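Colleague: Give me coordinates for this.
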Amino acid sequence: MTDAFFSPALATFFRGLAAHNDSAWFEEHRDDWERHVRDPMESLLREAERRYGPGRVLRQHRDLRFTPDKRPYREDTGLTAGGVYLSAGADGLQVGGGLYEPARAQLSAARTVIDERPHAAAALQHALDELTDAGYDIAGPPLKTAPRGYAVDHPRIELLRMQHYAALVHLPLASPLDDIVAAWERVQPLVRWTVKWARADDPQASDDPAPPVPGARSIDERA
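Modeller: Now for the predicted structure:
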C-alpha cells in the first residue's frame with residue numbers, strides 16, 4: 001500500500017482541538033473526529049492486532065481526577081497492540097514499541113537479567129543500538145545514578161539505569177501503512193526481549209492492565 005493511511009484532516013482536527021479544547025467545540029466537530037480520527041484508528045488497530053495480538057485505541061477523553069490540567073480531550077490519538085504503539089497528531093506519527101513504564105516486577109526481572117546474564121544484556125544493547133542507528137528515540141529518562149542494590153561501576157550500569165524498554169520513531173502523517181508496519185517490525189527484537197526477559201506479556205507481573213504509550217505525559221493518557 002502506497003497511499004497515506006491518515007488524511008491531512010486529522011492534523012486539521014487536532015490543531016482545532018488544541019485551540020478549543022472543550023466539549024462544545026468537540027461535539028460541533030464530532031463528525032470530523034469520527035471520520036478522520038476514530039475510524040482510521042480502528043482500522044489500523046485491526047491491522048496491528050492481526051500481526052501482533054490484542055490491543056486498544058486510547059480514549060479521547062482524558063481522566064481529569066489526578067491532574068490540575070483540566071482539558072477534557074487528549075490532543076492526539078494513539079493505540080497499543082501486542083507491544084507496538086502508534087500516536088497520530090498534528091505533528092505527524094510516533095511509531096514504535098517495547099515496554100514503557102514497566103511494573104516493579106517487570107523492572108526487577110529486567111535488571112536481574114542484565115546483571116546476571118551478560119548474553120541477554122548484550123542482546124538488549126544490540127537491539128537498542130540498531131534502533132538508535134535507524135533514527136529511533138529510546139524512551140527515557142534513565143535514573144541519574146545506579147538503581148538500589150547495584151554498584152555505580154557495574155559494567156552494564158547504563159542498561160541498569162534504564163526505566164523503560166521502548167523506542168519510537170517519528171514518521172510523516174502521510175506515511176503509508178507499509179511504512180508504519182515497517183517501523184513496528186523494526187522494534188520486534190526489543191519487544192521480544194521484553195517478553196522473554198522482562199515478563200512484558202505476563203499479567204501477573206503488571207501493575208496496570210492498560211499502561212500508557214511511550215511519550216504519554218500522565219496517567220490521563222492511558223488506554
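Colleague: shaky segments in the protein?
Modeller: For the chain, the stretches with pLDDT under 70 are 1-2, 203-223.
Colleague: same thing but at 90, please
Modeller: In the predicted model, the chain carries pLDDT under 90 at residues 1-4, 63-67, 69, 199-223.
Colleague: tell me what the longest helix anywhere in the chain is packed against?
Modeller: Of all the elements of type helix in the chain, the one with the most residues (DSSP state H) is helix 118-133. Applying 3 or more C-beta pairs under 8 Å, 6 or more residues apart in numbering; DSSP states H and E, we find helix 118-133 packed against helix 104-116, strand 137-138, helix 157-160, strand 165-171, helix 188-197. C-betas here are computed from N, CA, C, even on glycine.
Colleague: Serialize the ones you listed to TSV and add fields for mean neighbour count.
Modeller: Putting those into TSV (neighbours: other C-beta atoms under 10 Å) gives the following:
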stretch	mean neighbour count
helix 104-116	18
strand 137-138	18
helix 157-160	18
strand 165-171	23
helix 188-197	19
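Colleague: can you tell which of these is closest to E34?
Modeller: E34 lies closest to strand 165-171 among those, at 23.6 Å (C-beta to C-beta).
Colleague: mind saving the C-alpha coords of the closest one as PDB?
Modeller: This file holds the C-alpha atoms of strand 165-171, laid out as PDB (Å, rounded to 0.1, in the frame of the first residue of the first chain):
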ATOM      1  CA  TYR A 165      12.500  -0.600  27.400                       C
ATOM      2  CA  ALA A 166      10.800   1.100  24.500                       C
ATOM      3  CA  ALA A 167      11.600   3.100  21.400                       C
ATOM      4  CA  LEU A 168       9.800   5.400  19.000                       C
ATOM      5  CA  VAL A 169      10.500   6.900  15.600                       C
ATOM      6  CA  HIS A 170       8.800  10.000  14.000                       C
ATOM      7  CA  LEU A 171       7.100   9.400  10.700                       C
END
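Colleague: Adding distance to F14, write the helices and strands packed on helix 118-133 out as JSON lines.
Modeller: Shown next, in JSON lines, are the helices and strands packed on helix 118-133 (distance: least, C-beta to C-beta, whole Å):
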{"stretch": "helix 104-116", "distance to F14": "32"}
{"stretch": "strand 137-138", "distance to F14": "21"}
{"stretch": "helix 157-160", "distance to F14": "36"}
{"stretch": "strand 165-171", "distance to F14": "16"}
{"stretch": "helix 188-197", "distance to F14": "28"}
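Colleague: Nearest approach to D22 belongs to which of the ones you listed?
Modeller: Closest to D22 of the helices and strands packed on helix 118-133 is strand 165-171 (C-beta to C-beta; 28.7 Å).
Colleague: So for stretch 135-142, first residue to last residue, what's the gap.
Modeller: Start and end residues of stretch 135-142 are separated by 19 Å (C-alpha to C-alpha, to the nearest Å).
Colleague: Okay, buried residues for that stretch please.
Modeller: 136-139, 142 (16 or more other C-beta atoms under 10 Å).
Colleague: same thing with stretch 86-101?
Modeller: By neighbour count on 16+ other C-beta under 10 Å, the buried set for stretch 86-101 is 86-90, 92-101.
Colleague: and the helix or strand where Q94 lies, which strands flank it?
Modeller: In the assignment (DSSP states H and E), Q94 maps to strand 92-99. Strand 92-99 sits in its sheet next to strand 84-89 (antiparallel), strand 165-171 (antiparallel), going by DSSP bridges.
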